[in-house]
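Q: How does the following fold in three dimensions:
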Amino acid sequence: MKESAIYHKSKKLGVLLPGMGAVATTLIAGVYAIKKGLGVPVGSFTQLGFDAHGTPVRDRLDLVSIDDLVFGGWDIHGENVYETAKRSRVLESDLLRQLEAELSSIKPMPAVFDQRYVKRLEAKEQKQGASWWDLAQQIKDDIAQFKIHHGLERCVMVWCGSTEVFIEEGSSHTSVRRLEEAMKMNDPSITPSMVYAYAALTSGIPYANGSPNLSVDIPAMSELARECGIPIAGKDFKTGQTMIKTVLAPAFRARTLGLSGWFSTNILGNRDGEVLDDPESFKTKEMSKLSVLETILDAEKSPELYGDISHSVRINYYPPRGDNKEGWDSIDIFGWLGYPMQIKVDFLCRDSILAAPIVLDLILLLDIAARKGERGTLEWMSFFFKAPMTQGTPAVHDLFAQESMLREAVDRLAR
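A: Model (predicted):
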């Protein structure tokens, strides 16, 4: 696959992150730590993974080096990256002190924010505008100035912001024309994440959505991405509990073991946990998490095994845990002659530590996909998401099937 003529070979790549909280700052600090030899990019497919032939992905693909990533973004708290990383308490203070100069030099721009959509947060810094349209133009101006300031030809954008309240797809989301009209009318069906997505695509920048928000998962954004010749991907980073779910469920299906119920609960104390303590934001996340089992375990094909599953998901805000999430699963399965069995999984994970390498992979793969001329929804990026976006086909949730799709994409991008 030849590189698109509209993308010049430029050494540096701009990385724009709406929502520079725990995930974004863990990513940025991690990249600088790796550059200084203070850590290893564990969890990154592009840095430590292999293609289907056993060749390291970083050797197979013409990826931008992490040494050449330039970070910027937006946030509501008015802190630089070093200050936010300290407050988030994901990484140890000793490591952060060694990166203080680099991290302190990155100050987020004021964000597009509206508390109607993330009710548990309050903004210290935010943009003011007469409409969503006006705010989108301000984001586009920020992007243009960022590129000029750093001498960049290319950027990618990955949404690392909070989960917005649940919004159903409506008439304003059906076409680019209706989307733009709704933005100019300040329609409440438009959300801050959509404003960033619109600004990115109309600025020629690939966009990935790391939250369960609608964001780019609407017909209008798919149309816009195709028109602008830009790849998009999403949604909701697949990190802890859902990753385990997409491993175990295929095993049950492969062994034709039945499933009666799956109860999942989480305790989490970071900003994400606080946001999800609001029922309207939790509903958005719940829809993302609940979509997994029904597609892996086909009740229509195997009603005797999966026709009556009780599936529940809970998230509990528990401040003492900070970013160290505990995901607990109680799974009721049955085997020969219907005899019941149980599996218990207690995953004590670090949410941002699992998410950061996903963001890095999305950055590098979005960039090379754009350079190779791919446009619209990239279904082969399903590996990285809880609720993968598709182009009208059923989403694939099985982690191993997703891995095969990803490796096939590596082969294609390497041509």
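Q: So which bits of the strand or helix carrying residue 23 are buried?
A: Residue 23 is part of helix 22-35, with elements assigned from DSSP states H and E. Neighbour-count burial for helix 22-35, with 16 or more other CB atoms under 10 Å as criterion, is recorded at 22-34. C-beta coordinates here come from the backbone N, C-alpha and C atoms, glycine included.
Q: how about residue 329, secondary structure?
A: strand (DSSP: H, G, I helix; E, B strand; the rest coil).
Q: again, but for residue 158
A: Strictly by three-state DSSP, residue 158 counts as strand.
Q: Let me know whether it touches residue 15 as I believe.
A: Yes. Assessed by CB atoms under 8 Å, residue 158 is found in contact with residue 15 at 7.4 Å.
Q: So these two - more neighbours on which side?
A: Higher neighbour count among residue 158 and residue 15: residue 158, with 29 against 25, using other CB atoms under 10 Å.
Q: circling back: which residues are common contacts for residue 158 and residue 15?
A: Taking CB atoms under 8 Å, 6 or more residues apart in numbering as the criterion, residue 158 and residue 15 both touch residue 363.
Q: Leaving out chain neighbours, which residue sits closest to residue 304?
A: residue 258 (7.3 Å; CB to CB, 6 or more residues apart in numbering).
Q: measure the one you found to residue 252 for me?
A: 8 Å (CB to CB, to the nearest Å).
Q: For those two, list the residues in contact with both.
A: residue 333.
Q: Name all residues that make contact with residue 381.
A: Contacts of residue 381 (CB under 8 Å, 6+ apart): 208, 233, 362, 365, 388, 406, 409.
Q: Next, the fourth one: phi, psi?
A: Comment: the main-chain dihedrals of residue 365 come out as phi -80, psi -40, following degrees, to the nearest 10.
Q: let's have the chain start at 57 instead
A: Noted, 57 is the first residue going forward, which turns the last one into residue 421.
Q: State the distance from it to residue 211.
A: From residue 421 across to residue 211, the span is 15 Å (CB to CB).
Q: same question, the first one
A: Applying CB to CB, one obtains 12 Å for the distance of residue 264 from residue 211.
Q: Settle it for me: which of these two has more neighbours?
A: Between residue 264 and residue 211, counting by other CB under 10 Å, residue 264 is the more crowded of the two (31 against 25).
Q: For residue 324, list each beta-bridge partner.
A: Beta bridges link residue 324 to residue 373, judged by DSSP bridges.
Q: Report the buried residues of stretch 268-277.
A: 268-274, 276-277.
Q: And for the residue nearest the centre of the chain, nearest residue in space, chain neighbours not counted?
A: Nearest residue to the geometric centre of the chain (CA atoms, centre = their mean): residue 266, 1.8 Å. Nearest residue to residue 266, sequence neighbours excluded (CB to CB, 6+ apart): residue 293, at 4.7 Å.
Q: If I follow the layout properly, that neighbour ends up in contact with residue 414?
A: Yes. Between residue 293 and residue 414 there is a contact under CB under 8 Å: 5.0 Å.
Q: what residues does the helix holding residue 79 touch?
A: Residues contacting helix 78-91 (CB under 8 Å, 6+ apart): 73, 95-97, 122-123, 125, 127, 129, 137, 140-141, 144, 146-147, 151-152, 154-155, 158-159, 162, 216, 266, 293, 326-328, 379, 407-409, 411-413, 415-416.
Q: Equivalent analysis for stretch 409-421, please.
A: With CB under 8 Å, 6+ apart, stretch 409-421 has contacts from 69, 71, 73, 79-80, 82-83, 86-87, 97-103, 119-120, 122, 125, 146, 212, 214, 216, 264, 266, 289, 293-296, 299, 379, 437, 440, 465.
Q: can you tell me the average pLDDT over that stretch?
A: Average pLDDT, stretch 409-421: 98.
Q: got the CA positions of it in PDB?
A: Written as PDB, here are the backbone C-alpha positions of stretch 409-421 (Å, rounded to 0.1, in the frame of the first residue of the first chain):
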ATOM      1  CA  ILE A 409      -1.300   2.000  33.300                       C
ATOM      2  CA  LEU A 410      -3.400  -0.300  31.100                       C
ATOM      3  CA  ALA A 411      -4.900   2.600  29.000                       C
ATOM      4  CA  ALA A 412      -1.700   4.500  28.300                       C
ATOM      5  CA  PRO A 413      -0.100   2.000  25.900                       C
ATOM      6  CA  ILE A 414      -3.500   1.700  24.100                       C
ATOM      7  CA  VAL A 415      -3.400   5.500  23.500                       C
ATOM      8  CA  LEU A 416       0.200   5.200  22.200                       C
ATOM      9  CA  ASP A 417      -0.800   2.400  19.800                       C
ATOM     10  CA  LEU A 418      -3.800   4.400  18.500                       C
ATOM     11  CA  ILE A 419      -1.600   7.500  17.900                       C
ATOM     12  CA  LEU A 420       1.000   5.600  15.800                       C
ATOM     13  CA  LEU A 421      -1.500   3.400  13.900                       C
END
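Q: which residues does residue 406 contact?
A: Here residue 406 is in contact with 146, 379-381 (CB under 8 Å, 6+ apart).
Q: and it, how far is that from residue 176?
A: Residue 406 is 22 Å from residue 176, by CB to CB.
Q: What of residue 85?
A: For residue 85, the distance to residue 176 - CB to CB - is 25 Å.
Q: Now do the helices in the stretch 257-406 of the chain.
A: 275-284, 297-310, 327-332, 335-352, 359-362 (DSSP state H, counting those that start in this stretch).
Q: hmm, who's touching the longest one?
A: Looking back up the chat, that one is helix 335-352. Identification of contacts with helix 335-352 by CB under 8 Å, 6+ apart yields 174-176, 218-223, 267-269, 291-292, 297-298, 301-302, 305-306, 309, 315, 318, 320, 331-332, 365, 367, 369, 371, 442-443, 450-454.
Q: ChimeraX command for the buried members of those residues?
A: Applying 16+ other CB under 10 Å to these, the buried members can be selected in ChimeraX as follows:
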select :174,218,219,220,221,222,223,267,268,269,291,292,297,298,301,302,305,306,309,315,318,320,331,332,365,367,369,371,442,443,451,452,453,454
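Q: just checking, which of the contacts of helix 335-352 belong to strands?
A: 315, 318, 320, 367, 369, 371 (DSSP state E).
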